[in-house]
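Asks: with the sequence up front, the predicted model follows.
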Amino acid sequence: MNLTTMTSTKQHDEAALLAILQAHGQQFAEAFGDTSFVQGSSKKRKLDPETELKPDEDTDSESDDEWEGFSNDDDSVGNSEEGEEIDNDEFSSETVVRVKQPETIVFGEPRSTNVSGRMSKQQVKAFMSSKVTKLRHDDVARNPSSVEVGDDDEEQEEEERTNLQNDALLHKLIHTQLLSARSSDASLKPAERKRVVQGRILELAAGAKLGSGEKSVKLEEQKRASKKIRLGLERKASEREAQTLEQAKNLGNYHSSIKHLFGAQSKGQPDRRKRDKGLKMGVGRFAGGVLKLSKKDFSSEAGHSRSKARKGNGKGKR
Amino acid sequence: MADKNIAKYSGHQHFRHRLVLSFLSGKPVLIDGIRSEDKNPGLRDYEVNVLRLLEKITNGTVIEIGYTGTSILLRPGVISGGNVTHDCPLSRSIGYFLEPVIMLAPFAKKPLHLTIRGITTDDRDLSVDTLRTVTLPHLEPFGISDGLELKIKKRGAAPLGGGEVHFLCPVVKQVKTLNFVDPGRIKRIRGIAHAVRVSPQISNRMIDTSRSILNRFIPDLYLISDVYKGEDSGKSPGYALSLVAESTTGALHCSEAVSVPGGVPEDVAIAASRSLLARIKRGGCVDRQHQILVLLMMVLGSEDIGRCRMGEPTERTVQFLRDVRDFFGTSFNIRPAEPSNPDCDEQIFSCLGTGYVNANRTLG
């Protein structure tokens, strides 16, 4: 066998193989709905499906996994040098001039800047927070669109959220509106500040009248003092009152209609007539082994409303 | 003066972790031969700055620098903490200075509130994003979490810096024992792309490129664009991308890439993404930059065996383990994680904790 026949047989075999390959390629192209694949064209045509099947490249992203057609080793991204001139392809003797579609690559297309929009705002905040404990809290499970969260959990979460919101609101109110300006005064001693805050809280909780919260706190404190100190404080307070009254009169600020402001000021709490001595019974007085009941005790019953003016209730006699 | 008790070392390498070990163990350390053969012998400006910073957060420390500048003797004092402000030189980024502080701050007398200024992101050390998302979460399994914060007030790129960071660290009595042997599988990847003094589109470009590489591996991938403007953006332009991958068991892997003058953001994103994938491939529960931190905390744990699975130790880690044996007398037991599998080069590091108790902290 001389060289020419050998080559021709070889060519024939390889032509057959290539025909099979071509058919395969056509099938593949048709799977994409690409019917422009022309049968019987030159082998260079097989380079073309490459350009059609390769996805449009917007950026120079890697596409190693994409099926990129049969051929090339030098599969460059640009692909523009993919020749018109591969007619020294040894398999086919015919040279067909093909018009290849130029491949367009677009750089810098303005993408949507909302790439992190897929993360809920809560998750973004959790991830970007400066506190390290919050970093891992942006689980997908916290995302309300997740299906895994059961109804019970959702309700509890809602409740927790409202509770937390309420706590936050309360905290905000307390520190901005509800407490008086005096409570944030830095020149107060800590004990004084404590008294101010406590008084304000009493007022808010309706334990004292507006303006007299601090006074009642102070009185409570004084009650704990020993008798000597308590009496001394009371005496001093009354002296001071008398002094202010006199000064007001001297300056001409006094008027009988505002007598109550200067007078013996009523204590912040209801005045008890007397310190309760001994053990109290429901009714009457027990002394010397005898329970002494008065007419009032007989007439008074539990259903009766008590008034401060009523004397002799419980323990009549002094 | 116990001369027998001084630890002696030579050379400028492993400088910071030797200082940290000295403070924690109370043993004085003498380092000599610092760049003695170099054209510019002695300590560099950032090393002196680290010494100054450590002096600020401690009380009673005595640092003696030899008159040639090539040797230093450190007699450690008490780690006091409190409010500290510090300005860093522009030769290294804030990460270089914060790393030793992070190792010392949980054992201070009072919670540390450190304000530190300088370059926030550069290519040599960990950036502040990585510190916040990776380094500080590594302290959580040891019981140091409540009150641990890193606020980035201003960003500053190299070379002019201008960044400011606040670091708050609580005080703990004792560090918990770690038992972390299951690396798990990666469940999500998060990233922060930031750009200062350049067009904000740059961070979007980085995000797009990184997405295109990492998207095929995991669906839970979110990259956030963090752009600082105006005064808070520092004095130099720059951009960087830092990525964190978290596994099902809480193991963290990180990578980051910083812009170079004349580069494109796509390159930065590609470098960061590929580096992250390489590090994930290396496996382990702790990544290479944080090996020293985790091993140190294991040594300081309660008197119990702590275990951790890591990849191969780096040179710095190996030297650190040797120095730990000098200072604390603790040695690690390193055995292969999967003896039956010859391809796996992860190892299990276990040690007996020294039961270090923070005696400095003020109660109440």
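Replies: Yep, it's here. Numbering: from 1, shown residues only, chains lettered A, B, ... in the order given.

Asks: buried residues, the host helix or strand of A:Gly199. List them.
Replies: Assessed by DSSP states H and E, A:Gly199 sits inside helix A:190-204. Neighbour counts using 16 or more other CB atoms under 10 Å in any protein chain shown place A:193, A:195-203 of helix A:190-204 among the buried residues. For the C-beta atoms, the positions are set from N, CA and C on the backbone; glycine is no exception.

Asks: doesn't B:Asp125 lie inside a strand?
Replies: No. Applying DSSP: H, G, I helix; E, B strand; the rest coil, one finds B:Asp125 to be coil, outside a strand.

Asks: and the chain, what are its domains?
Replies: Just so you know, I chose chain A. Residue ranges for the domains of chain A, per the TED database: A:154-224, A:227-264.

Asks: that was the other one, I meant chain B.
Replies: Following the assignment in automatic domain parsing, chain B carries domains at B:3-174, B:186-282, B:287-352.

Asks: the last one and chain A, are they touching?
Replies: No. Applying CB under 8 Å from any CB of the partner chain, one finds domain B:287-352 separated from chain A by no less than 13.8 Å.

Asks: and that domain, how far apart are its ends?
Replies: This stretch, domain B:287-352, spans 22 Å end to end (CA to CA, to the nearest Å).

Asks: cool, and the second one?
Replies: End-to-end distance for domain B:186-282: 13 Å, by CA to CA.

Asks: go through the buried residues of helix A:190-204 and say which is closest to chain B.
Replies: Closest approach between those and chain B, by CB to the nearest CB: A:Arg193, at 20.4 Å.

Asks: isn't the closest one up against A:Ser183?
Replies: Yes. Assessed by CB atoms under 8 Å, A:Arg193 is found in contact with A:Ser183 at 6.3 Å.

Asks: and the helix or strand containing A:Lys259, what does it pack onto?
Replies: Using DSSP H and E, A:Lys259 maps to helix A:259-262. Where contact means 3 or more CB pairs under 8 Å, 6 or more residues apart in numbering or on different chains; DSSP states H and E, helix A:259-262 is packed against helix A:227-251.

Asks: give the buried residues for the helix it packs on.
Replies: Within helix A:227-251, the residues that count as buried by 16+ other CB under 10 Å are A:Leu245.

Asks: quick revisit: can you lay out the domains of chain B as JSON lines showing mean neighbour count and distance to A:Leu251?
Replies: Formatted as JSON lines, these follow (neighbours: other CB atoms under 10 Å in any protein chain shown; distance: least, CB to CB, whole Å):
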{"stretch": "domain B:3-174", "mean neighbour count": "19", "distance to A:Leu251": "52"}
{"stretch": "domain B:186-282", "mean neighbour count": "20", "distance to A:Leu251": "57"}
{"stretch": "domain B:287-352", "mean neighbour count": "17", "distance to A:Leu251": "73"}
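
Asks: out of those, flag the one nearest A:Glu30.
Replies: The minimum distance between A:Glu30 and these falls on domain B:186-282, with 26.9 Å, by CB to CB.

Asks: let's test this: mean pLDDT of that closest one, rounded?
Replies: On average, the pLDDT along domain B:186-282 is 93.

Asks: ok, stretch A:172-182 next?
Replies: Confidence for stretch A:172-182, expressed as mean pLDDT, is 77.

Asks: tell me the SS of B:Glu164?
Replies: Assignment for B:Glu164 (three-state DSSP): strand.

Asks: which helix or strand in chain A has the lowest average pLDDT?
Replies: Least confident element among the helices and strands of chain A, by mean pLDDT, DSSP states H and E: helix A:48-53 (a mean of 45).

Asks: A:Glu214 versus the residue in the stretch 251-364 of chain B that chain A sits nearest to, what's the distance?
Replies: Residue nearest to chain A within the stretch 251-364 of chain B (CB to the nearest CB): B:Glu266, separated by 6.9 Å. Separation of B:Glu266 from A:Glu214 (CB to CB, to the nearest Å): 68 Å.

Asks: circling back to that earlier point, my guess is the residue of the stretch 251-364 of chain B closest to chain A contacts B:Ile202, does it?
Replies: No. Counting by CB under 8 Å, B:Glu266 stays clear of B:Ile202, with 9.9 Å between them.

Asks: beyond the longest helix belonging to chain B, next helix or strand please.
Replies: In chain B, taking DSSP state H as the definition, the longest helix is helix B:265-282. Next along the chain after helix B:265-282, taking DSSP H and E as the criterion, comes helix B:291-299.
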